[in-house]
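> with the sequence up front, the predicted model follows.
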Amino acid sequence: METARLRAFIEAAEKGSIKAAADSLGYTPSAISQLVTALEKELGLVLFRRSRKGVSLTEEGDELIPLVRSYLAHEEEIYRLASELNGVTTGHLKIATYPSVATTWLPEIVRRFKSDYPGIQISIMESIRSDIFNHFEQNEADIAFLAYAEPMPYDWIPLAEENVIAALPEDHELASAKKFPVKECENNDFILGSWGREMEILEILERNDVHPDIKYTTYDTPATLAMVRMGLGVSLVNELSAQFWNEHLVKMPLDPPQTITFGVAIPDSDHMTGAARKFLSYTTNYFEEKRR
């Protein structure tokens, strides 16, 4: 059972509010809501009554509270003993990840992990969403870093919210504007990553009832931004993936603002290797530090 879901459940029960639970745990309300809903689906129970004033436990939810508290209290001891029994000193950890994560957050997490577990071999596979799912299906990856979008058929832990921004050529007529209206995507040639299947961006366009003329599709963000710089069109990208691209293009906030949730996907949290479970712990600790 996914610990993050249980912690979200306990915190929401204690605070009586999804927002208050999110503030306490350092997540967004949307992420806490996703975790609680996933737990309810997993258990087949309705745990909360929801209203405009907040949330309150159902009878089933109230009965589960003592058991969940006990589970969480023993979690650290369980992992400590399991690590000793498994001897997490050697092994092979396979990570599938968006290129944006591979070049920003992941190197520091790997550095910290390798300093304590130098005997673990690590393979990092930079992939788009469809490739990540294929790695899971072929048992080629232990964990994956990606942005949340439906469908999400694997166990999921949210880590951070990132802004989505517009990328424009330097000579674009709106290059000096403060914000780029999402609706303006319809008035420009549009460039879309992930071979036209970039689900997080497609969800944003659909949510805002925007239907751009997709002239070009690319594999990943560097190719997209290179085409933008050449004046071939505009694109929407997550800010994390564009942070090292600062010349000969304009990066602009969106109107209305848009975000995506980055996190870790796990094929089966009940059957993780010792190395994967330990690396996940280092990952969540890293993001807890970033939120402080």
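Perfect, I can see it now.
> give the rounded mean pLDDT of stretch 66-81.
Throughout stretch 66-81, pLDDT has a mean value of 75.
> what are the phi and psi values at the residue lying closest to Lys183 once chain neighbours are set aside?
Excluding the flanking residues, the one nearest Lys183 by Cβ to Cβ, 6 or more residues apart in numbering is Val210, at 5.8 Å. For glycine as for every other residue, the C-beta is placed from the backbone atoms N, C-alpha and C. Val210 adopts backbone torsions of phi -110, psi 130, taken as degrees, to the nearest 10.
> show me where the chain has its helices.
3-15, 18-25, 29-43, 59-86, 99-102, 106-116, 129-137, 199-207, 221-229, 274-291 (DSSP state H).
> residues in contact with the fifth one?
Defining contact as Cβ atoms under 8 Å, 6 or more residues apart in numbering, one finds that helix 99-102 is touched by 124, 126, 145-146, 220-222, 238, 240-241, 262.
> what about dumping the CA coordinates of that helix to PDB?
This file holds the C-alpha atoms of helix 99-102, laid out as PDB (Å, rounded to 0.1, in the frame of the first residue of the first chain):
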ATOM      1  CA  PRO A  99      14.900  14.500 -20.300                       C
ATOM      2  CA  SER A 100      14.000  17.700 -18.300                       C
ATOM      3  CA  VAL A 101      14.200  15.700 -15.000                       C
ATOM      4  CA  ALA A 102      17.400  13.900 -16.100                       C
END
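> list the buried residues of that helix.
100-102 (16 or more other Cβ atoms under 10 Å).
> how about stretch 228-247?
Buried, per 16+ other Cβ under 10 Å, within stretch 228-247: 228-229, 233-238, 240-242, 245.
> thinking again about what came up before, could the buried residues of helix 99-102 be laid out in a markdown table, adding distance to Glu198 and pLDDT?
Shown next, in a markdown table, are the buried residues of helix 99-102 (distance: Cβ to Cβ, whole Å; pLDDT from 0 to 100):
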| residue | distance to Glu198 | pLDDT |
| --- | --- | --- |
| Ser100 | 12 | 90 |
| Val101 | 15 | 93 |
| Ala102 | 17 | 92 |
